[in-house]
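Student: attaching a predicted model along with its sequence, questions to come.
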Amino acid sequence: MKVMPVIIQEKCDGCGLCVRIDCHCLILVDNVITFVETGECGWCTHCEAICPTGAISCPFEVVVE
């Protein structure tokens, strides 16, 4: 099972900022963010950074060497 960012749907206000990131893994369904199982998540963590309500959490650490 591939680890994906965690979405806390109760915190999502449906603003759509994360959908505008060019990752093709996020969609709004009934004004709530949802992941599409495409396998295209590049682990960029931009969705977590842009979310104003903290609804997206990336449970991994990005290490650049």
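Tutor: Received it, and whenever you're ready, just let me know what you need. Numbering: from 1, shown residues only.

Student: please make it C-alpha for all contacts and neighbour counts, starting now.
Tutor: Fine.

Student: how far does stretch 15-31 sit from its chain's centre?
Tutor: Averaging C-alpha coordinates over stretch 15-31 and over its chain gives two centres that are 8 Å apart (CA atoms, centre = their mean, to the nearest Å).

Student: poorly predicted segments of this structure, please.
Tutor: Along the chain, the model assigns pLDDT under 70 to residues 1-3, 38-39, 61-63.

Student: look up how far residue 17 lies from the residue nearest the centre of it.
Tutor: Against the mean C-alpha coordinate of the chain, by CA atoms, centre = their mean, the closest residue is residue 47 at 4.5 Å. Applying CA to CA, to the nearest Å, the value for residue 47 to residue 17 is 8 Å.

Student: check the separation of the first and last residues in stretch 41-48.
Tutor: Stretch 41-48 has an end-to-end distance of 13 Å (criterion: CA to CA).

Student: list the contacts of residue 11.
Tutor: 53, 54, 55 (CA atoms under 8 Å, 6 or more residues apart in numbering).
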